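J.: predicted model follows, preceded by the sequence.
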Amino acid sequence: MNEWKKNLVDVSRELLFSVKGESTRKRLVVRVQGPFLLKKNDVGFDYDEGTCVCKIVFEGLEEPDVEVFGMDGLQALRLATDVDPYLRGLSNMYDFFWTNGESYFE
């Protein structure tokens, strides 16, 4: 995959999280990087010319980064910046909060 480095788009949301059943809250930065134009041999599947990928990084959690693909950079970015479905997927293990302490999903 392309080198993940500083790009035109690098947006983030700062939150707090706690492991389910624990009260200690820690800092979480959800960062969206990209979009990157896919190049030959970047991925193991067929794609059309112009396909792009964005990366969602969960700084503070020991969770893998998520790659979000789109037909072009705008679609990849639009899909990747909707981070709520990814956070909901992690909500069976973590509780998420805004930095003011209010619950993120309620």
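T.: In hand now; what should we look at? Residues are numbered from 1 along each chain as shown.
J.: next up, identify which helix or strand the residue nearest the centre of the chain is on.
T.: In the chain, the centroid-proximal residue (CA atoms, centre = their mean) is residue 56; its distance is 2.2 Å. Under the criterion DSSP states H and E, the helix or strand holding residue 56 is strand 52-59.
J.: buried set for that strand?
T.: 52-58 (16 or more other CB atoms under 10 Å). C-beta here means a position set from N, CA and C on the backbone, and glycine is covered the same way.
J.: quick one: residues in contact with it.
T.: The list of residues contacting strand 52-59 from outside it, by CB atoms under 8 Å, 6 or more residues apart in numbering, reads 1-2, 4, 9, 28-38, 42-43, 65-73, 75-77, 79-80, 83, 86, 90.
J.: select only the buried ones of those in ChimeraX?
T.: What follows is the ChimeraX syntax for the buried subset of the contacts of strand 52-59, where burial is set by 16+ other CB under 10 Å:
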select :9,28,30,31,32,33,34,35,36,38,66,67,68,69,70,73,75,76,77,79,80,83,86
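J.: out of the contacts of strand 52-59, name the ones that lie in helices.
T.: Judged by DSSP state H, helices contain the following of the contacts of strand 52-59: 73, 75-77, 79-80, 86, 90.
J.: take the residues you listed and lay them out in CSV including distance to residue 97.
T.: Converted to CSV, the ones in helices among the contacts of strand 52-59 look like this (distance: CB to CB, whole Å):
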residue, distance to residue 97
73, 32
75, 30
76, 28
77, 26
79, 25
80, 22
86, 16
90, 13
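J.: these: which two are farthest apart?
T.: 73 and 90 (25.9 Å; CB to CB).
J.: quick revisit: beta partners for the residue nearest to the centre of the chain?
T.: Bridge pairing for residue 56 (DSSP bridges) gives the partners residue 32, residue 66.
J.: pLDDT wise, what is it at?
T.: Turning to residue 56, the model gives it a pLDDT of 97.
J.: equivalent analysis for the one 4 residues further on, please.
T.: The predicted local distance difference test score for residue 60 is 97.
J.: do residue 5 as well
T.: Per-residue pLDDT puts residue 5 at 49.
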